[in-house]
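Trainee: Sequence unavailable; structure follows:
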């Protein structure tokens with residue numbers, strides 16, 4: 001007797017025929033998000049992809065300050081992408097391609113919306129090439145000041161915290177998405193070019209018709225706000241520190257405040273490597289220039305100092321190589337993990353080099369008036385994220401109070417394990433609390449609630 005077989009569902013039929021079933025909605029492509037929802041910078045960063053590498057080719061004329069830039073971005077789709085965004089507020093774009101084919105694009109504020117000819121399947125690798133020409137300008141923020149591409153008298157220097165990379169670099173401008181970088185810079189012969197990482201031997205790739213080309217590579221993952229190029233007249237020094245290349249430079253106009261930069265860098269990084277663990281990058285150094293931005297920045301591997309630094313500023317910015325650069329933030333509200341730790345590095349350095357003890361510095365600050373305690377260290381608010389008292393000083397006080405509570409042995413082991421476990425990664429405050437509790441063996445939530453999330457003076 002012939003018995004009619006029931007029709008198989010498509011998935012069962014595919015399996016019966018030895019063909020992998022097509023997942024539901026596999027052919028559905030949707031836009032990546034514009035912004036990642038950071039509470040302080042909701043438009044920064046973009047969803048739907050992860051960047052692996054930025055290859056920058058930059059032509060710069062220090063006489064006119066005009067640039068011509070081509071950026072090739074290598075990325076991987078994390079969803080089926082119909083389109084995606086880059087963060088970009090720079091000059092007019094000349095052309096844009098995805099996987100070698102011209103792509104549609106539109107600019108909406110700081111968003112560069114890119115629509116490739118074909119959808120990009122989840123898991124697929126793709127390249128984006130963006131070219132532009134013009135004259136970049138720094139991002140001006142009423143509360144936070146200047147960030148990004150900063151023109152100098154004889155060139156330009158990049159300092160991009162927190163969201164200034166978009167002023168010159170089409171990118172996924174978020175601390176969450178680290179990538180490696182290649183910088184190939186052409187400028188007038190006689191102009192010094194410095195960047196993150198190390199110069200690719202022989203350094204100067206070529207000289208032609210009065211223009212020279214230099215190539216640098218940052219081989220460890222780096223957030224976009226830490227990417228740096230400095231071009232101008234510099235006095236350069238090279239040596240070794242903590243087992244890696246130590247390359248420092250300063251503009252002759254700031255020589256008086258910068259002549260000890262090379263030695264101070266070596267001393268600071270060798271001391272910090274003992275306290276915080278192995279140095280996380282393949283070179284170190286610093287650049288002093290006349291920028292008139294009013295701050296120094298821990299650009300990865302080679303901090304930038306406006307006007308020249310004192311010794312403790314060097315200690316602070318180099319401590320960021322562990323706390324902020326290697327161990328990066330996932331959210332800007334956790335900025336105390338950067339600034340509180342780097343400030344406490346200053347206290348420790350003074351304590352171990354004939355200065356006041358961290359205990360005495362803490363005790364002095366603990367007597368501060370009520371206004372000192374009016375903001376939350378663990379979430380100070382966007383416009384106050386770089387305020388010295390709530391973030392830097394009280395962040396350092398939080399660490400000293402923790403050291404007092406759990407003891408020196410556990411505390412200094414905690415610092416080294418924190419930097420090693422999260423090397424080249426990103427974190428939130430909860431991660432630090434969890435590790436501290438694991439090392440101490442007790443609940444520390446009430447302690448951190450009092451020091452980080454309560455806008456009043458904690459009891460000691």
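Mentor: Perfect, I can see it now. Just so we're clear, the structure is a prediction, and the values are computed from it rather than from any experiment.
Trainee: residues in contact with the closest residue in space to residue 80 that isn't next to it in sequence?
Mentor: Spatial nearest neighbour of residue 80, chain neighbours left out: residue 29 (4.4 Å); criterion: C-beta to C-beta, 6 or more residues apart in numbering. Backbone N, C-alpha and C define where each C-beta goes, glycine included. Listed by C-beta atoms under 8 Å, 6 or more residues apart in numbering, the contact set of residue 29 reads 80, 81, 82, 119, 120.
Trainee: how close does residue 359 get to residue 397?
Mentor: Look at residue 359 and residue 397: by C-beta to C-beta, to the nearest Å, they are 11 Å apart.
Trainee: For stretch 103-121, the averaged confidence score.
Mentor: The average of the pLDDT scores along stretch 103-121 is 98.
Trainee: Need the residues that contact that stretch.
Mentor: By C-beta under 8 Å, 6+ apart, stretch 103-121 touches 29, 34, 43, 49, 77, 80-89, 93, 96-99, 101-102, 126, 128, 130, 166, 170.
Trainee: quick one: which of those residues sit in helices?
Mentor: Using DSSP state H, no member of those falls in helices.
Trainee: Only the buried subset of those, as a ChimeraX command please.
Mentor: Remark: buried members of the contacts of stretch 103-121, expressed as a ChimeraX selection using 16 or more other C-beta atoms under 10 Å:
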select :29,34,43,49,77,80,81,82,83,84,85,86,87,88,89,93,96,97,98,126,128,130,166,170
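Trainee: In strands, which of the contacts of stretch 103-121 appear?
Mentor: 49, 77, 84-87, 93, 96-98, 101-102, 126, 128, 130 (DSSP state E).
Trainee: what's the closest of those residues to residue 412?
Mentor: residue 87 (38.3 Å; C-beta to C-beta).
Trainee: neighbours around the residue lying closest to the closest one once chain neighbours are set aside, how many?
Mentor: Closest residue to residue 87 apart from its sequence neighbours, by C-beta to C-beta, 6+ apart: residue 173 at 3.7 Å. Residue 173 has 28 neighbouring residues, counting by other C-beta atoms under 10 Å.
Trainee: With residue 415 instead?
Mentor: Neighbour count for residue 415, taken as other C-beta under 10 Å: 20.
Trainee: cool, and the one 4 residues further on?
Mentor: For residue 419, the count of nearby residues is 21 (other C-beta under 10 Å).
Trainee: Tell me which residues touch it, please.
Mentor: 276, 277, 280, 322, 323, 326, 327.
Trainee: what secondary structure does residue 413 sit in?
Mentor: Following DSSP: H, G, I helix; E, B strand; the rest coil, the label given to residue 413 is helix.
Trainee: ok, back up a step: and which of the contacts of residue 29 is nearest residue 422?
Mentor: Looking across the contacts of residue 29 and measuring by C-beta to C-beta, the closest to residue 422 is residue 81, at 29.0 Å.
Trainee: Could you measure from the closest residue to the closest one other than its chain neighbours over to residue 403?
Mentor: Leaving aside its chain neighbours, residue 81 sits nearest to residue 120 (4.2 Å; criterion: C-beta to C-beta, 6+ apart). Counting by C-beta to C-beta, the separation of residue 120 from residue 403 is 48 Å.
Trainee: can I see the domain layout of the chain?
Mentor: 28-231, 234-290+303-322, 329-452 (automatic domain parsing).
Trainee: Please work out which of those is packed deepest.
Mentor: domain 234-290+303-322 (a mean of 21; mean count of other C-beta atoms under 10 Å).
Trainee: That one: how far from the chain's middle?
Mentor: Taking C-alpha atoms, centre = their mean, to the nearest Å, one finds domain 234-290+303-322 lying 18 Å from the centre of the chain it belongs to.
Trainee: ok, back up a step: take the contacts of residue 419 and keep only those in helices.
Mentor: Reading helices off these with DSSP H, I get residue 276.
Trainee: which residues sit in contact with the closest residue to residue 134 other than its chain neighbours?
Mentor: Of all residues not flanking residue 134 in the chain, residue 91 sits nearest, at 2.6 Å (C-beta to C-beta, 6+ apart). Residues counted as contacts of residue 91 (C-beta under 8 Å, 6+ apart) are 67, 132, 133, 134, 135, 136.
Trainee: most centrally placed residue in the protein?
Mentor: Among the residues of the chain, the one closest to the centroid is residue 223, at 3.3 Å (C-alpha atoms, centre = their mean).
Trainee: Can you check the pLDDT for it?
Mentor: At residue 223, the predicted lDDT confidence score is 98.
Trainee: pretty sure it is touching residue 178, no?
Mentor: Yes - using C-beta atoms under 8 Å, residue 223 is in contact with residue 178, at 5.4 Å.
Trainee: anything in contact with each of these two?
Mentor: residue 328.
Trainee: Export the contacts of residue 29 to a markdown table and append columns for distance to residue 442.
Mentor: Below are the contacts of residue 29 laid out as a markdown table (distance: C-beta to C-beta, whole Å):
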| residue | distance to residue 442 |
| --- | --- |
| 80 | 46 |
| 81 | 46 |
| 82 | 50 |
| 119 | 52 |
| 120 | 48 |
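Trainee: What sits closest to residue 43 if chain neighbours are left out?
Mentor: residue 35 (4.4 Å).
Trainee: follow-up on the earlier one: tell me the secondary structure at the residue nearest to residue 134.
Mentor: coil.
Trainee: For residue 131, see how far away it is.
Mentor: In terms of C-beta to C-beta, residue 91 sits 11 Å off from residue 131.
Trainee: quick one: buried residues of stretch 295-305?
Mentor: For stretch 295-305, by 16+ other C-beta under 10 Å, it's 295, 296, 297, 298, 299, 300, 301, 302, 303, 304, 305.
Trainee: got the end-to-end distance for that stretch?
Mentor: By C-alpha to C-alpha, to the nearest Å, the extent of stretch 295-305 from end to end equals 7 Å.
Trainee: quick one: average confidence on it?
Mentor: pLDDT averaged over stretch 295-305 gives 98.
Trainee: same thing with stretch 434-447?
Mentor: Mean predicted confidence for stretch 434-447 is 98.
Trainee: and if you look at stretch 260-273?
Mentor: The model assigns stretch 260-273 a mean pLDDT of 98.
Trainee: Helix or strand with the lowest mean pLDDT in this protein?
Mentor: helix 10-16 (a mean of 41; mean pLDDT, DSSP states H and E).
Trainee: The stretch 351-460 of the chain: strands as residue ranges?
Mentor: In the stretch 351-460 of the chain, the strands defined using DSSP state E, counting those that start in this stretch lie at 426-427.
Trainee: For it, which segments are assigned as helices?
Mentor: 358-366, 394-406, 408-421, 429-440, 445-452 (DSSP state H, counting those that start in this stretch).
Trainee: closest one to residue 337 among these?
Mentor: helix 429-440 (6.3 Å).
Trainee: what's the span of stretch 295-303 from first residue to last?
Mentor: So stretch 295-303: terminal residues 11 Å apart, C-alpha to C-alpha.
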